[in-house]
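> 3D model of this:
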Amino acid sequence: IKTLSRINARDAAPQIRELLRERPKLRLRKGNWGGATPDQIEYSHQAAKALVALDHFEAVDELLSRDEIIAMQAFGGPLVAKFGARVLPRVVELARLKDQRREGAISAIASINDETAIPALTQLLGDPDTGIANAAAGSLGRYPPKSEASRKLVQDSTKPLLSNKDRFLRGRAHALLLAMSPT
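Got it, this is the predicted structure:
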């Protein structure tokens, strides 16, 4: 898998996805690796990295279904976020399930760096799930929009959050508006 990912051959991606699909899905829980070995986890991580590097979006459902990838939020979230705006509806759906993969999905939302995702992220700012709203604000603050129209959209969508009852979201809103200010 490591070799195939370095070749960057798009025809290798379906084969990598199939190899990953054939492996048993590991069920991880907080503080419990479910009997998974480091080699098994490494195999899944290398396959996921290869699929993302090859921009094989068809593999996103497989990646999101695997605890050993997405439940490890520091790894899976930012990795899946590299698919950009295309992955946003799926990770939001996963974040709403509130299972062991939720934090990875929240991490993916917070790691999206795609100008075309800005309209969807601004809509998520008003989401009733404050975890999702905070992640959207984090993404928008971390990767400020390049265009003036996008910046204005973010500012207009953020202002209502200044009176939100969730203090963390209010704080994110203040930070986000500061990030949108011209320097």
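> CA atoms of stretch 73-84 as PDB?
Only the C-alpha atoms of stretch 73-84 are listed here, as PDB (Å, rounded to 0.1, in the frame of the first residue of the first chain):
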ATOM      1  CA  GLN A  73      -9.900  12.000  15.700                       C
ATOM      2  CA  ALA A  74      -6.400  13.400  15.500                       C
ATOM      3  CA  PHE A  75      -5.700  11.100  12.600                       C
ATOM      4  CA  GLY A  76      -8.900  10.500  10.800                       C
ATOM      5  CA  GLY A  77     -10.600  13.900  11.100                       C
ATOM      6  CA  PRO A  78      -7.900  15.900   9.400                       C
ATOM      7  CA  LEU A  79      -7.200  13.200   6.900                       C
ATOM      8  CA  VAL A  80     -10.800  12.900   5.700                       C
ATOM      9  CA  ALA A  81     -11.100  16.700   5.700                       C
ATOM     10  CA  LYS A  82      -8.600  16.700   2.800                       C
ATOM     11  CA  PHE A  83     -11.500  15.700   0.600                       C
ATOM     12  CA  GLY A  84     -12.800  19.200   1.200                       C
END
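> so how far is it off the chain centroid?
The chain centroid and the centroid of stretch 73-84 are separated by 4 Å under Cα atoms, centre = their mean, to the nearest Å.
> what's the answer for stretch 67-82, then?
On Cα atoms, centre = their mean, the centre of stretch 67-82 falls 7 Å from that of its chain.
> Equivalent analysis for stretch 159-176, please.
For stretch 159-176, the distance to the chain centre is 22 Å (Cα atoms, centre = their mean).
> what does that stretch rub up against?
The list of residues contacting stretch 159-176 from outside it, by Cβ atoms under 8 Å, 6 or more residues apart in numbering, reads 125-126, 130, 133-134, 137-138, 140-141, 154, 158, 177. C-beta: built from backbone N, CA, C; applies to glycine.
> hey, where'd the helices end up in this protein?
Assigned by DSSP state H, the helices in the chain fall at 2-7, 13-22, 38-53, 60-64, 73-81, 88-97, 102-111, 118-124, 130-142, 148-158, 167-180.
> and the last one with helix 130-142, angle?
Translated: helix 167-180. 20 degrees (axes from the mean of the first three to the mean of the last three Cα atoms, to 10 degrees).
> And helix 167-180, what's buried?
169, 172-173, 176-177, 179-180 (16 or more other Cβ atoms under 10 Å).
> Dump the C-alpha coordinates for it into CSV.
Extracted in CSV, the C-alpha atoms of helix 167-180 (Å, rounded to 0.1, in the frame of the first residue of the first chain):
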residue,chain,number,x,y,z
ARG,A,167,-20.1,30.6,26.1
PHE,A,168,-17.7,28.5,24.1
LEU,A,169,-19.6,29.3,20.9
ARG,A,170,-19.7,33.0,21.8
GLY,A,171,-16.0,33.0,22.3
ARG,A,172,-15.5,31.3,18.9
ALA,A,173,-17.7,33.9,17.3
HIS,A,174,-15.6,36.7,18.8
ALA,A,175,-12.4,35.0,17.6
LEU,A,176,-13.9,34.4,14.2
LEU,A,177,-14.9,38.0,13.7
LEU,A,178,-11.4,39.1,14.8
ALA,A,179,-10.0,36.7,12.2
MET,A,180,-12.2,38.2,9.5
